[in-house]
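S.K.: below is the sequence, then the predicted model.
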Amino acid sequence: MNWQEYIYSDKKVLLGKPVIKGTRLSVEFLLERLADGWTEQDLLDNYPRLSKEALQGVFAFTVTHK
């Protein structure tokens, strides 16, 4: 999984937090939802611009940025 295809940082967007390309959904926000008990399907259902591949990119990003 090449997370760079789905995640980027720009200091002009959410103070440079890593976000899903084309959205203002930060990696941090998505991981917090999962920690709160949301499922992957909950995220996909509630954020239509989020793709399953982008969510996999979040997981790959997290593994490489411990």
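M.R.: Nice, I can see it. Numbers count the residues shown, from 1 in each chain.

S.K.: contacts for stretch 8-27?
M.R.: Outside stretch 8-27, the residues that touch it by CB atoms under 8 Å, 6 or more residues apart in numbering are 5-7, 28, 30, 47, 49-50, 54, 57-58, 61-62. Glycine gets a C-beta too; all of them are placed from N, C-alpha and C.

S.K.: of the residues you listed, which is the most crowded?
M.R.: For the contacts of stretch 8-27, the largest neighbour count, defined by other CB atoms under 10 Å, is 26 neighbours, found at residue 58.

S.K.: can you read off the pLDDT for that residue?
M.R.: We note a pLDDT of 97 for residue 58 in this prediction.

S.K.: the host helix or strand of it - contacts with which helices or strands?
M.R.: Residue 58 belongs to helix 52-64 when elements are defined using DSSP states H and E. For helix 52-64, the helices and strands in contact under the criterion 3 or more CB pairs under 8 Å, 6 or more residues apart in numbering; DSSP states H and E are strand 7-8, strand 19-20, helix 27-35, helix 40-46.

S.K.: what sits up against that helix?
M.R.: For helix 52-64, using CB under 8 Å, 6+ apart, the contacting residues are 1-3, 5-7, 18, 20-21, 27, 30-31, 40, 43-44.

S.K.: just want the angle from that helix to helix 27-35.
M.R.: Orientation of helix 52-64 against helix 27-35 (axes from the mean of the first three to the mean of the last three CA atoms, to 10 degrees) gives an angle of 100 degrees.
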